[in-house]
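A.B. asks: sequence first, then the predicted structure, then my questions.
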Amino acid sequence: MADFDKFAEKLTRGVARGTSRRSLLAWLGGAATGAAVFPVLPVSRANAQSAGHGGGSADRAPVLSGNAQDPGDRTQCDYWRYCAIDGFLCTCCGGSVNTCPPGTEMSPITWIGTCTNPADKRAYIVSYNDCCGKSSCGQCLCNRNEGDRPPVRPQANNDTNWCLGTESQIYNCSTAVIIGVATDPR
Amino acid sequence: MADFDKFAEKLTRGVARGTSRRSLLAWLGGAATGAAVFPVLPVSRANAQSAGHGGGSADRAPVLSGNAQDPGDRTQCDYWRYCAIDGFLCTCCGGSVNTCPPGTEMSPITWIGTCTNPADKRAYIVSYNDCCGKSSCGQCLCNRNEGDRPPVRPQANNDTNWCLGTESQIYNCSTAVIIGVATDPR
Amino acid sequence: MAKCAIFLAVATGASILCHPLAAQPFDKPLAEEPVPNVATLPAVYPSSWIIVSDFNFTAIIDGRGVVVDTSSESEPFKGMFRASQFASILSATTKSEIYTAESFFTRLSEGEKTDAITIWDKSTLKSKGEIILPGGKRQQIVTYKNTFQFTNGEKWALVTNFTPAHSVTVVDLDGRKVLGDIELPGCSMVYPTGERGFTTFCADGTLTSITLDPAGKVAATKTTKSIHDIDKQAMFAGPAMAGKVAWFVTYRGMVRGFDLAGNIVRPLNADFSVGSAEGGTPEWRPGGWQVIASDAGGKLYVLMNPSGKEGSHKDGGTEVWVLDTVKKMRIARIALKGVGASIEVTRETTPHLIVARGDSVIDVYDAATGAFVRTLGKAAAFNPLTLTAM
Amino acid sequence: MAKCAIFLAVATGASILCHPLAAQPFDKPLAEEPVPNVATLPAVYPSSWIIVSDFNFTAIIDGRGVVVDTSSESEPFKGMFRASQFASILSATTKSEIYTAESFFTRLSEGEKTDAITIWDKSTLKSKGEIILPGGKRQQIVTYKNTFQFTNGEKWALVTNFTPAHSVTVVDLDGRKVLGDIELPGCSMVYPTGERGFTTFCADGTLTSITLDPAGKVAATKTTKSIHDIDKQAMFAGPAMAGKVAWFVTYRGMVRGFDLAGNIVRPLNADFSVGSAEGGTPEWRPGGWQVIASDAGGKLYVLMNPSGKEGSHKDGGTEVWVLDTVKKMRIARIALKGVGASIEVTRETTPHLIVARGDSVIDVYDAATGAFVRTLGKAAAFNPLTLTAM
C-alpha cells in the first residue's frame, strides 16, 4: 500500500495548500461520514454539448504516448485515463495529459478516478487536476462518469468547479495525472 | 427632402445624447471633411463564422411582417432591410426588426444603410441601432456590407461597436429601423 | 440597385440621382419607425414560458438565463439575463423578480472576486439591485436548482457555499441583506422545508432538517437515520416537486418521496421502481441532467437511458417514462426525437413536456398524449441545463 | 472492469477486492507523474508559430489571443491569453512580451468600465502588469492590427480612441505610464512612421504623419494631398509590411505602397492591379478580413473573391494571388481548399501561407509552390480574425 500512503500524503499537502485548516477539518469531517476511506475530491462539469462523451472531433490528428504500456489518443474521450474526467482536455489546450497550459495554475486538490489501463490491466489512481486562471479552452470537451456520485458526496462528484485554492477560480481545462496504482493484476 | 430633414434632426439629437458637444464637433469636423453630406454612422462587426452572410439557420421558423409591402423573413440575412447590417438579428434575440430585447438599451447613434424594398422599389434609409447592456445574443449572426467603407470613414464603416453613449458598451444585437425614404420610384 | 444603394449610403443627399426602373403598386412608403424602442415582458410570465439556464461552456464566465416561450416556433427567445460563472438562477412566484447568484472578477478572469445575488425585474429584465455575498465562498458547480432556493415565503433565499467546507448563507431578499451563515459539515444542497427552514442531504446517508428563527439563525435541527445508500441507490440531487412533496429518482430507477411541508422532512417510505423494459443494453436507467419532472396533477416524468450502467447517469435519455405515484406504476412511455438532457413539464391547461437536448435543440411534446408538438430548434440557448416552468 | 473501477473510485482502499483476469506483459506499472505541472513556452517563439486573435462572437467579452504552432497537426494550440471586449493584440519583437488593449466591467456586462493595456509574458503567458487607459475612450472595433501599434523602438505603444471623436493615446510601455493623448479629428488607425511617430488616414482622403517629441507630444505634423479615393478605391485598413513599406490593397484590387521609413509618409506612386481572371461573377476582387500579407522576400499575397462586387469585400476568398511588387505583376495563383477569411505568411526558411477560414478551420500551404501542406482543423480558435507571424 506504499502507493496509497504517498498519494494520501500528497493529497493532504494539496488540501492544506488549498484550504484553511478549519474548513479542511470541517470538510474531512463530512467526508469521513461517507464511505470513502480517504478523500477523493471531485472536480468537473457536465457535458451538455453532446449526448455522447465528447472529446476531440474525429478528424483531429492523434496525440499518442509512444509507450505501448500507455495506449490511446489523448485528444479523444475514450482514452483510458479519462474514465471519470469532465471538462476540456488539456492536451488540446496547450498543456498535456498531465500538464496545465501556459499561464494557468493547477488546482491543488482534485477529484480522483480509478481507471484501468487496457495494456497492463492495472487499475491506476488518476488525479483530474483542473487548470485555472484562463477562460474556457473550448477544445475537446469530454465527460465520463464512472464512479461519479451526487454533490452530497463531494469527494465522488464531478460537477464542482475545483478551481479552489487557486489565485483565480476561472476554469480552463482538466488533466489526468497518474498518481498511483490501485491494484496489481493477479 | 422633408424625410432628410427629420432624419438629420433625429440623428443630431442622437449624437448630442451620445457624446459631449466637444467630441461631437471634433467628430463632425472629421466627417465633414469626408464625402458624406451628413453623418451616417457605422455600427457593426464582421462575421467570421461563415463566408456567407449568416442569419438564422435554414430550418428556423420564419418571422414575417404580414404586410405585402414589407416582404421577407426577418430571421434571415437576406431580408431586404439588412443590406448593410452586421451583428446578431434582434428578431432572434427577444426584440424585433425595430425593437431592442428586454433589458437592453438602444444605441442613440447608429450606422445608416440605404436598402431597396423589393415590394415598392423604394430606397429606404435604415438605421441599424445596436442594443446594448447584455452579452452577445448568439442567434442569427448576419453580415452584409453594401456601402461599407474602411474605418477611415467611420460614418460608412460597420466594424465599430456602436454601443457608445449607452450605459454599458456590451453588444447584444442589432435592429434595422426604417427612419426615412431616400427615393421615390419614378 | 447595389451601386445605387452604396452611393446613397455614403451620400444620401445625392439619392435623387438614383432611378430604380421597376414600377411599384404601393402609393405610400412604409412609415417611419420610432427610436429608441425596447421590448418589455409581462410582469407574470405565461404558463407556456420557461426559464432556461444556459451554461455557455465555451465561455463559462458568460453564462446566462433565457426566458423561453415554448409555444412559439418562430420567436421562442423572449429575452436573456446575465448568470455569470457557474451561476444559480431562482425565479420568484410571489414577486415579478428573478435572482441570480453569480461571481465576478475585476479583470474578467483575474483580479478581485465578488460574489453577489443580482435582482432582475421580470418585466424589463433589467438588474434592479444586488446583495453582496461575503467570504468568496459561493459554491461554483454546474447549474443545479438546489444550490439556491427560497424560504420564509420567498422573502429569504438560501445560497450554498463550498470551500470545500459546506455551509449555507441565509439572505433577506426583501431587506437586501445577508442574515448569516450556517455551517453544514458534510451536507449538501438545500430543499425548502416548512415555513422557514430547509433540509439538506449529508454524506453519511442522513437528511438533516434545519428550522430558522426570525433572525435567520438555527432554531432547531433534526437528523434522520441513514436512508440514502449513495453507493448503490444514489439519488439525483434535483427532485420534482409535487406540492410540498419532493420526488427523487435514483441512478438505478427507484422513486422516493419526501414530504417537506412540516419543519422536519418526512420520508413517505413508499419507494417504487420506474419499471423496466426490453431493449436495455444492459438496462434502462434514468439519464441526463434534470431527469425528473412533475405535472400539476402530480404525475412524474423521468428521462430514461436504454444504455443504463454505472457511469451512464449523465448521458441523457431517449424516452420519458410517466409515473403514477399513487398506483406506484409506470403509465406511459414517450419516445423522444433526440437524446434529451433535461426535462420539464409546463403548468398549462394542456401541459407540455419540454425536452432540452444535448445538441442544444429544445423539443415540445404533449405531456398527456406524448405526441410531438413542435421544436424550438437551437434558438434558445447554447447549453440548456436546468428548465423551470412558470 | 466498470463496476470494479467504480467501487475503487468511491473506496480505493478496497481495491484489493478487484481481480482483473487478463494476463499482462508489463512488469512495472507506469510511473507516478508530478503535480503541480504547468507548461511554459520559449521566450522567442519559433518562426512556424503565429498569434491568432479569437473574437469569440458568441461571447465577445471573452475574446482571447491564441499562440498557434502551424507546423503541428496534432497540437497546434500552444496557449491562450485574455483579449476581452473588442481587444487589440500587439506582439513585441525586441522583448518577450505580448500586449492586449482591453476593456473590463465590474459586473461582466454592467457596472464601472476600466480600459487597460495588459502585459503578458510570452514564456509563461501570465499577466505581469497593466497600464490603465484613462477616459474610457478606447476604440472598440472588430479586431484590426492598426488600432494598437508600437513606436519609438517598441518602447512606446499607440492606442486609438473613438468616442466618436478620434484620438490616439501614447503609452510608455517600459515606463508603464500614459504619456498623453493626440486629437485626430476625422483621422483613423495608426501606422508607425520614422523613429518616433505615426501616419494616420483621414476622411478627406489625405494621410497625416505626426512626429512625436521625447515626451510623446506632437513635434511635427505633415498632411499629404488627398490621395485616397474612399468611394471608388477604398483601401483595406490593414497593410502588409515589407520592411518599412506598407502595401495596401483596395476593394477593387489596386495595390499601393507607402514608405514609412522617414518621419513623413512617402507614397511610392507605383500603383498596380492584382490583375484579373476568368470566372469572376461579376469579377475577382480582394475579399476577407486580413486580405493582404507579405513574405520575407517582399512578395505580396492577396486573398481573392470570385464574386467580387460592391459589398463583397468581407465575404472571404477562394484563391490567393501572389504579386511581385518590382515587376508589378501577378506571379502565381493559389487555389484554397475552403473560403479563407484572413491570411498570413510565416518567416520560416520555407515560408508557409496560413489561411484562417470562415468556418474556424486554419489551413497551411507552401507559400512558394502553393501546395496544400496540412490543416490545423478547428483546433485553434472559434473566430480567427487577425493572424500575426513571428
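C.D. replies: Ah, there it is. Residues are numbered from 1 along each chain as shown, chains lettered A, B, ... in the order given.

A.B. asks: OK, contacts around residue 144?
C.D. replies: Picking chain A for this. A:53, A:77, A:82, A:83, A:84, A:85, A:86, C:311 (CB atoms under 8 Å, 6 or more residues apart in numbering or on different chains). Every residue, glycine included, has its C-beta placed from N, CA and C.

A.B. asks: chain C, not that one
C.D. replies: A:151, A:159, C:88, C:189, C:237, C:238, C:386.

A.B. asks: any idea how far residue C:267 is from it?
C.D. replies: As judged by CB to CB, to the nearest Å, residue C:144 and residue C:267 stand 21 Å apart.

A.B. asks: so which of the contacts of residue C:144 comes closest to residue C:251?
C.D. replies: The closest of the contacts of residue C:144 to residue C:251 turns out to be residue C:237 (CB to CB; 11.3 Å).

A.B. asks: can you give me the pLDDT of the closest one?
C.D. replies: Looking at residue C:237, its pLDDT reads 98.

A.B. asks: now do residue C:23
C.D. replies: So residue C:23 comes in at 50 (pLDDT).

A.B. asks: the contacts of residue A:144 in helices, which ones?
C.D. replies: Using DSSP state H to define helices, no part of the contacts of residue A:144 is located there.

A.B. asks: near chain D, which of the residues you listed show up?
C.D. replies: Applying CB under 8 Å from any CB of the partner chain, the subset of the contacts of residue A:144 adjacent to chain D comprises A:83, A:84, C:311.

A.B. asks: in strands, which of the contacts of residue A:144 appear?
C.D. replies: If you go by DSSP state E, the contacts of residue A:144 have residue A:86 in strands.

A.B. asks: how about the contacts of residue A:144 in JSON lines, adding distance to chain B, neighbour count and pLDDT?
C.D. replies: JSON lines is the format used below for the contacts of residue A:144 (distance: CB to the nearest CB, whole Å; neighbours: other CB atoms under 10 Å in any protein chain shown; pLDDT from 0 to 100):
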{"residue": "A:53", "distance to chain B": "25", "neighbour count": "20", "pLDDT": "69"}
{"residue": "A:77", "distance to chain B": "25", "neighbour count": "20", "pLDDT": "96"}
{"residue": "A:82", "distance to chain B": "29", "neighbour count": "29", "pLDDT": "96"}
{"residue": "A:83", "distance to chain B": "33", "neighbour count": "25", "pLDDT": "93"}
{"residue": "A:84", "distance to chain B": "31", "neighbour count": "28", "pLDDT": "92"}
{"residue": "A:85", "distance to chain B": "27", "neighbour count": "29", "pLDDT": "92"}
{"residue": "A:86", "distance to chain B": "24", "neighbour count": "28", "pLDDT": "91"}
{"residue": "C:311", "distance to chain B": "32", "neighbour count": "21", "pLDDT": "94"}
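
A.B. asks: which of the contacts of residue A:144 sits closest to residue B:64?
C.D. replies: When those are compared for distance to residue B:64 (CB to CB), residue A:53 wins out at 41.4 Å.

A.B. asks: next, count neighbours for the closest residue to chain D within chain C.
C.D. replies: Closest contact between chain C and chain D, by CB to the nearest CB, is at residue C:59 (3.4 Å). By other CB atoms under 10 Å in any protein chain shown, the residues close to residue C:59 number 26.

A.B. asks: of all the residues in chain A, which one is nearest chain D?
C.D. replies: Using CB to the nearest CB, the single residue of chain A nearest to chain D is residue A:147, 2.6 Å away.
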